[in-house]
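Novice: With the sequence up front, the predicted model follows.
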There are 2 protein chains.
Amino acid sequence: MAKKYCDIENLKYILNEVHDFSSLLKLEHFADHDAEAIDTFLDSVKDFSDKELYPCFTEMDSPPAHYKDGKIIVHPQVGTVMKQGGEMGLINATFPYESNGLQMPLTAFTAAHYIMDAANNHLPGYLGLTMGATELIIHFASDELKNTYVEKMGSGQWGGTMCLTEPQAGSSLSDIVTSATPTENGHYKIKGQKIFISAGDHEYADNFVHLVLARIEGAPAGTKGISLFVVPKKRPESDGSLTPNDVITAGDFQKMGQKGYCTTHLMFGENDDCEGYLVGNPHQGLRYMFLMMNGARIGVGRGAAAIAEAAYQASLQYANERPQGRKITNTGKKDPTSKQNLIIKHADVRRMLLMQKSVAEGSLSLVLKAAKLADLYNFTKDEKEKEHHKLLLEILIPLVKTYPSEMGLQSASNGLQVLGGYGFCSEYVLQQYYRDLRIFSIYEGTTGIQSLDLLGRKVVMNGGEALRILAAEIMNTMKAASDYDELRPYAGKLGEKLQLVQKVIEHLAQYAMKGDFERYTADATVFMEMFGHVVMSWLWLEMATFSKEALVKGDTKHAPEFHESKIHTMKYYFKYELAKTTSQAEVLMDAASLTIASDKEIFA
Amino acid sequence: MAKKYCDIENLKYILNEVHDFSSLLKLEHFADHDAEAIDTFLDSVKDFSDKELYPCFTEMDSPPAHYKDGKIIVHPQVGTVMKQGGEMGLINATFPYESNGLQMPLTAFTAAHYIMDAANNHLPGYLGLTMGATELIIHFASDELKNTYVEKMGSGQWGGTMCLTEPQAGSSLSDIVTSATPTENGHYKIKGQKIFISAGDHEYADNFVHLVLARIEGAPAGTKGISLFVVPKKRPESDGSLTPNDVITAGDFQKMGQKGYCTTHLMFGENDDCEGYLVGNPHQGLRYMFLMMNGARIGVGRGAAAIAEAAYQASLQYANERPQGRKITNTGKKDPTSKQNLIIKHADVRRMLLMQKSVAEGSLSLVLKAAKLADLYNFTKDEKEKEHHKLLLEILIPLVKTYPSEMGLQSASNGLQVLGGYGFCSEYVLQQYYRDLRIFSIYEGTTGIQSLDLLGRKVVMNGGEALRILAAEIMNTMKAASDYDELRPYAGKLGEKLQLVQKVIEHLAQYAMKGDFERYTADATVFMEMFGHVVMSWLWLEMATFSKEALVKGDTKHAPEFHESKIHTMKYYFKYELAKTTSQAEVLMDAASLTIASDKEIFA
């Protein structure tokens, strides 16, 4: 195990300085918080992660969580984290006061969970899903349901899950068939199967509260006929006792990674005795679920960003300790009698490490920016500002989910490569990060689905307004960067690339205008890659500008090397990653249509 | 498990038609072979793989090969494959008659091992390493050593290994310290430790013959002081008995993938009783090893190409069976009451599958081209031709090792993504291919090392002659393609890209001419990527031209769809992959130097 799994100085720099966290505290909703207390909270989460999460990270990989005799067996540390995490507010801190919450900004909560994800990505999901399920109840359920469930879930006594996927439907939620039959008592009888249910069962919670998408008999076809239900594993009775509610844990899914985070198969109503309680109005289930989806997608991006950071720290440490090989001299030869170099001295290793650093830290900045936008959107009172934050958040969300997942995986792969043969060996942790990270581009809508969302919905929403707002923000950063000679060329480059994105969209729009939406979105994933590099270059330029200012002002909070490293990494990003957009634009504007199905069999 | 793990029609098409295998049989060395018999041999290997290799592929992943009580426990099928594989000639088929071989072309042998790799990549290495070790003895050892070892190894009774890596040296072979002390009896006493020894020990061979790099006392420093020794696990005595030779299996390495292919840690001479027998002359060990290295690198590329193919077949089958989602209509909506589509109808899935197909089949073509060049180089008598084949092989070899490994991994990752959540689950095989493939970019010289070899040695060798020969070959294909209207634009595009490679090299050469070799090679890995896409586009254009000709001629051996699919995949490759070279050239010609170590701490 590496000594370090995340860089707290860097986290606080991005949180407090680059994203000016304390500005959020001016919002009335957060009035009781101060930046210092949040700082202390983050330190306590780091301490908790050091003691309770990181030490069991590799243990949780083997043996994996598994199904045995109708139960899911998980690592006992799940119990510690549910209990202590619950007590520390790591489930309910963002909830309003009336729901036993602390009204903490999501931004601070995201930073806290990021630390936990970096320490041990198998554990925070148990808290995170409970949080998400509770939030749905807080936002949309009746007072009765709130009174019954919120406190117990928010404290971690009861676990929560999200039950969307069914075997026959997969990502196509319009095809779910779990049924809800109304009864005279006001509740519904639920019948159906749900798969891929994370944290769906274990022995360290007294009860589980499943938020289940189901179809009320006679509901319209498709996504418009889906309702949301609270379905507890055990029914809370008025005397406080718990009665089994015909929810059976039918099995689990063994996986390549995140093996300590159990993935279950649940059966509801096999004995016709499963009660479900409607949340809000009928047929609104998917809408409710999707209102919470931005938070879930920030959570996925956060997890991937955190694993990428942990992988970076592990390979950086190795590169700083492992001697191997020698520098080539200017005769073109090496001197075998000279001392071996540390591998961090090799250009190719430095290129891989810079890639890791740029992806890990850039992803963190992206995730925190999104969390801040979510806070601003939720609690700003000015309607115009609210709309601004909303649109900016909406256009960034598919990327927040996708970029850390896709590029984080490539970066962890580089990290593994830094270790050579050892990187492939189980005794080194890189291979575990690499396996764990692989799921993130599938969670909560695959990359393909996020890319359709970005190009098919977000780019065109409100007549392109979200994109215009984003472009204006990018131009603000370009302007600020242009005050410095060192940064001006990068601002110029970013401006060119922004225009290139615009050109690509105009090109693709031709197809949409002809009603050929399939062609318009056919290369949406390539568009996502291009868009991602431009947005990330913006965030790196923002970070570099902040560091440049700090250097000029003679900041003493961080060493000059800290800031110089940021500027250097920005330059890396522009040279090696942003450059990829030239080719991506070429692909996107290529006239050939090669991926749309026709009668012609191309996979002969 | 998917029904199909490789496409034999496609393999034979690339082998026999695109690469005109039978032309090799005109060489005197291969005079006794005919194409039909080779065809039958491949069918028998396919049959063997169907029966003995593929059925235990997932079993070999779990439980893994492992160390227990001084022994390595492997899947019993290792025994079957060593024995039956040995009998079938899958170790010694390419050996000369006088070494009990069949003088089979390496090209045919490569096709045979490709089938086995696709069926179960954990098994062929046991045969392949035995082959490699035996070849070293055949080429460089004394008749006494040959008489003692070649027959037993060639038949699979004894296993063979290559012992290069040591803990403190890693890839830096000049730093190995295993010692060889001469004795009065003519042999040497060996002392030292070797790690990462594939197939280093198991119960299914009567003996192991290790080919060990060691340093004779007083040898010059660096790679020029390394000698090669035959070090058996048990010493063959004159009466045929075997005496333990102080080779201890000290442990193993547990890995993320290829878990059935054991990786061992060996200790030689702990009790000062380990005899080693010098191969050839002192201090020539690394030279001998590297003379065999092209074969080893073809083997690695072949394995990666085969896994990429198996992954492609598995995800193609899934995409053809799994319904999910619907096509967007020209109103921009979907009709939820309509039947679900098979996922192969989605453009993004088709893009991923085409990427897989282009990488898998392109890699196979590259590997077979290299094997053919090796055969031509080894057995052509005309010195000028020989030199031509040699140079072409030398410049392609780093790519043969690297492209299938790096792009194969990306392609298997796409394959996993096609399955969504199931792709991450252990019950589907994609995640195993993905894990198995990850080692290939590390085996036999990492991608970084291959890239230094390509740019630092091969591009400049013989005054750039290898590159000129390659360019001439590419232009021949462009000329042939230009006969067809459909292909002419692609020939033109390839010509542009060839010039772009030339431009990049001229740009980089400035650094080399100033003696700044570190800067010259700093982005060698990016150069490798660019070079790879250009070479692979050439091979795809070659394949498309062949298929176009066949279509025009009314070929009846394959369905028209087979050939049309080749042309379509070539177009995919040019649009989506070759396009990346624009950006890669941008990176390579960017003046900023960001990855060369200086006193400045950039990883603060």
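Specialist: Sure thing, it's come through.

Novice: Helices of the stretch 251-400 of chain A, start to end?
Specialist: Assigned by DSSP state H, counting those that start in this stretch, the helices in the stretch 251-400 of chain A fall at A:285-291, A:293-321, A:347-379, A:383-418.

Novice: Spit out the contact partners of residue A:174.
Specialist: Taking CB atoms under 8 Å, 6 or more residues apart in numbering or on different chains as the criterion, residue A:174 is in contact with A:221, A:222, A:223, A:226, B:334, B:336. Using the backbone N, CA and C atoms, a C-beta is placed for each residue, glycine as well.

Novice: The residues you listed: which two are farthest apart?
Specialist: A:226 and B:334 (14.8 Å; CB to CB).

Novice: before we move on, what SS does residue A:231 have?
Specialist: In terms of secondary structure, residue A:231 is strand; the call rests on DSSP: H, G, I helix; E, B strand; the rest coil.

Novice: And it, how close does it get to chain B?
Specialist: Residue A:231 is 21 Å from chain B, where distance means CB to the nearest CB, to the nearest Å.

Novice: Over to residue A:485?
Specialist: Applying CB to the nearest CB, one obtains 15 Å for the distance of residue A:485 from chain B.

Novice: Is that residue located within a strand, as I assumed?
Specialist: No. Residue A:485 is assigned coil when assessed by three-state DSSP, not a strand.

Novice: Please report the distance of it from residue A:542.
Specialist: 18 Å (CB to CB, to the nearest Å).

Novice: just residue A:417 next, same as before
Specialist: Distance of residue A:417 to residue A:542, given as CB to CB: 29 Å.

Novice: cool, residue A:233 as well?
Specialist: Residue A:233 sits 46 Å away from residue A:542 when distances are taken as CB to CB.

Novice: neighbour count winner among these two?
Specialist: Taking residue A:233 and residue A:542 together and counting by other CB atoms under 10 Å in any protein chain shown, residue A:233 has the greater number of neighbours (25 against 22).

Novice: for the more buried one, what are its contacts?
Specialist: A:201, A:207, A:208, A:209, A:210, A:244, A:245, A:247.

Novice: which of these count as buried?
Specialist: Neighbour-count burial (16 or more other CB atoms under 10 Å in any protein chain shown) is assigned, among the contacts of residue A:233, to A:201, A:207, A:208, A:209, A:210, A:245, A:247.

Novice: can you list the residues you listed in TSV and add secondary structure and distance to residue B:455?
Specialist: What follows is the buried ones among the contacts of residue A:233, written out as TSV (DSSP: H, G, I helix; E, B strand; the rest coil; distance: CB to CB, whole Å):
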residue	secondary structure	distance to residue B:455
A:201	coil	55
A:207	strand	62
A:208	strand	57
A:209	strand	59
A:210	strand	57
A:245	coil	65
A:247	strand	61
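
Novice: Quick check: buried residues in the helix or strand bottoming out on mean pLDDT in chain A?
Specialist: Sorting the helices and strands of chain A by mean pLDDT, DSSP states H and E puts helix A:285-291 at the bottom, at a mean of 92. Neighbour-count burial for helix A:285-291, counted by 16+ other CB under 10 Å, picks out A:285, A:286, A:288, A:289.

Novice: can you pick the most crowded of the contacts of residue A:174?
Specialist: residue A:226 (26 neighbours).

Novice: List the contacts of that one.
Specialist: Remark: with contacts taken as CB under 8 Å, 6+ apart, residue A:226 is in contact with A:173, A:174, A:176, A:213, A:214, A:215, A:219, A:283, A:285, A:286.

Novice: so residue A:229 touches residue A:209, yeah?
Specialist: No. Contact criterion CB atoms under 8 Å: residue A:229 and residue A:209 do not qualify, at 10.6 Å.

Novice: Which residue ranges make up each domain of chain A?
Specialist: Following automatic domain parsing, one finds the domains of chain A at A:32-291, A:292-327+A:340-445, A:446-592.

Novice: Looking at these, which one is packed in the most?
Specialist: Here the criterion is mean neighbour count by mean count of other CB atoms under 10 Å in any protein chain shown, and of the domains of chain A the winner is domain A:292-327+A:340-445, at a mean of 24.

Novice: Tell me how far it lies from the chain's centre.
Specialist: 10 Å (CA atoms, centre = their mean, to the nearest Å).

Novice: Next one: that domain, is it in contact with chain B?
Specialist: Yes. Judged by CB under 8 Å from any CB of the partner chain, domain A:292-327+A:340-445 comes into contact with chain B at A:316, A:320, A:322-327, A:340, A:344-351, A:353-354, A:357, A:409, A:413, A:416-417, A:420-421, A:423-427, A:431, A:434-435, A:438-439, A:441-442.

Novice: How about stretch A:257-276?
Specialist: Yes. On the criterion CB under 8 Å from any CB, stretch A:257-276 is in touch with chain B at residue A:257.

Novice: ends of that stretch, how far apart?
Specialist: 33 Å (CA to CA, to the nearest Å).

Novice: For residue A:152, see how far away residue A:207 is.
Specialist: For residue A:207, the distance to residue A:152 (CB to CB) stands at 7 Å.

Novice: which residues are common contacts for those two?
Specialist: Listed contacts common to residue A:207 and residue A:152 are residue A:158; contacts here mean CB under 8 Å, 6+ apart.

Novice: ok so, going back, could you confirm whether the least confident helix or strand of chain A reaches chain B?
Specialist: No. With CB under 8 Å from any CB as the threshold, helix A:285-291 lies outside contact range of chain B, at a closest distance of 11.7 Å.

Novice: which residues are contacting that helix?
Specialist: Counting by CB under 8 Å, 6+ apart, the neighbours of helix A:285-291 from elsewhere in the structure are A:136, A:139-140, A:162, A:164, A:173, A:211, A:213-214, A:223-224, A:226-229, A:279-280.

Novice: coming back round to it: mind putting the helices of the stretch 251-400 of chain A in CSV, distance to residue A:186 included?
Specialist: CSV is the format used below for those (distance: least, CB to CB, whole Å):
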stretch, distance to residue A:186
helix A:285-291, 17
helix A:293-321, 28
helix A:347-379, 31
helix A:383-418, 35
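
Novice: Worst mean pLDDT among those helices?
Specialist: Ranked by mean pLDDT, these end with helix A:285-291 at the bottom, a mean of 92.

Novice: Quick one: distance of it to the chain centre.
Specialist: 18 Å.

Novice: Kindly report the same for stretch A:161-175.
Specialist: On the basis of CA atoms, centre = their mean, the separation between the geometric centre of stretch A:161-175 and that of its chain is 20 Å.

Novice: and it, how far apart are its ends?
Specialist: The distance separating the two terminal residues of stretch A:161-175, taken as CA to CA, comes to 20 Å.

Novice: ok, now which ones touch the one residue in the stretch 101-250 of chain A that gets nearest to chain B?
Specialist: Checking the stretch 101-250 of chain A residue by residue against chain B with CB to the nearest CB singles out residue A:222 as nearest, at 2.7 Å. By CB under 8 Å, 6+ apart, the contact set of residue A:222 is A:174, B:336, B:337.

Novice: Take those residues and write them to CSV, including distance to residue B:193 and pLDDT.
Specialist: Output for those, formatted as CSV (distance: CB to CB, whole Å; pLDDT from 0 to 100):
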residue, distance to residue B:193, pLDDT
A:174, 61, 87
B:336, 64, 82
B:337, 68, 84
